[in-house]
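K.L.:
could you look at this predicted model? Sequence included:
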Amino acid sequence: MNIKRGMIIINKNKKILLNIFLLSMFITFSGCDDSHTGIVEIMGGKEKIEFKTLNNTEKGSSLNDTKKIFLFAFEGGNSKKIKFLKSGDEISLDFGSNPPDKLSISDGLINSNGDYLYTPKEIVEVPYVKKKGIYSFKLETHIASRLSSYYKKDKTVFRGFIIDAFWGNGEYKYAFVIESNAL
């Protein structure tokens, strides 16, 4: 009787271990979409640009309101970390070995409160090239920077960029801020 009882206990332990093993394998290979989050590296020239990962959703659901999207760059001394890039400098986005299926980049002028300076009409779509899995674009003078009637030599502006990256049914948003020459 003790031998049978010992065999039953061993069989139960084997079942428990097998279930734990199968569960861990399922979790490992379940293909969670969040694996894309935060893997982008954004470079301005040879300097790393800090960014914020915004919420990630399934296609068709709404994303966060775009108000104060760039506030993170100006809070608590973060504005000292904002990189200055001049017109003609290159910005690159490296997603490693898993580039998105589709990508769009928008650029708008913002103030030091993280708000857009102008209406959505002045937020421009940024053309980019993809080479060896890395997306890049040359920083051009933003057309809205010419809207000010006040000219100041060496004036700089804050620019907020939003990257919309798509993998399958998931949409992933990233935001970053740079400072550049106005004209």
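P.N.:
Arrived safely, thanks for sending. Numbering: from 1, shown residues only.

K.L.:
how about the helices of the protein, start to end?
P.N.:
Using DSSP state H, the helices of the chain run over residues 2-28.

K.L.:
shaky segments in the chain?
P.N.:
For the chain, the stretches with pLDDT under 70 are 1-38, 55-67, 148-151.

K.L.:
beta partners of Lys131?
P.N.:
Ile134 (DSSP bridges).

K.L.:
ok, now how distant is it from Leu93?
P.N.:
Distance, Lys131 to Leu93, by Cβ to Cβ, to the nearest Å: 11 Å. (C-beta placed from N, C-alpha, C; glycine too.)

K.L.:
so which of those two has more stuff around it?
P.N.:
Comparing Lys131 with Leu93 by other Cβ atoms under 10 Å, the one with more neighbours is Leu93, at 25 against 9.

K.L.:
Ile143 versus the more buried one, what's the distance?
P.N.:
Relative to Ile143, Leu93 is positioned 22 Å away (Cβ to Cβ).

K.L.:
then Lys152?
P.N.:
Lys152 is 18 Å from Ile143, by Cβ to Cβ.

K.L.:
all strands for this protein, in order.
P.N.:
For the chain, the strands defined by DSSP state E occupy 41-44, 47-48, 51-53, 57-58, 83-85, 90-94, 102-110, 124-125, 129-131, 134-138, 156-167, 170-181.

K.L.:
so what strands line up beside the second one?
P.N.:
Pointing back at strand 47-48 there. Looking at strand 47-48 with DSSP bridges, its partner strands are strand 41-44 (antiparallel).

K.L.:
before we move on, the earlier item: now distance to Phe70 too, for the strands of the chain, in CSV please.
P.N.:
Formatted as CSV, those follow (distance: least, Cβ to Cβ, whole Å):
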stretch, distance to Phe70
strand 41-44, 14
strand 47-48, 18
strand 51-53, 8
strand 57-58, 19
strand 83-85, 14
strand 90-94, 16
strand 102-110, 5
strand 124-125, 16
strand 129-131, 25
strand 134-138, 19
strand 156-167, 4
strand 170-181, 5
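
K.L.:
closest to Leu117 out of those strands?
P.N.:
Smallest distance to Leu117 across the strands of the chain (Cβ to Cβ): 4.5 Å, for strand 102-110.

K.L.:
which strands or helices does that closest one pack on?
P.N.:
If you count contacts as 3 or more Cβ pairs under 8 Å, 6 or more residues apart in numbering; DSSP states H and E, strand 102-110 packs onto strand 124-125, strand 134-138, strand 156-167.

K.L.:
what angle separates that strand from strand 170-181?
P.N.:
40 degrees (axes from the mean of the first three to the mean of the last three Cα atoms, to 10 degrees).

K.L.:
hmm, who's touching strand 102-110?
P.N.:
70, 93, 116-118, 122-126, 128, 135, 137, 142, 144-145, 157-166, 177 (Cβ atoms under 8 Å, 6 or more residues apart in numbering).

K.L.:
and if you look at stretch 42-51?
P.N.:
By Cβ under 8 Å, 6+ apart, the list of residues contacting stretch 42-51 reads 40-41, 73, 78, 81, 83, 85, 89-94, 139, 174-176, 178.
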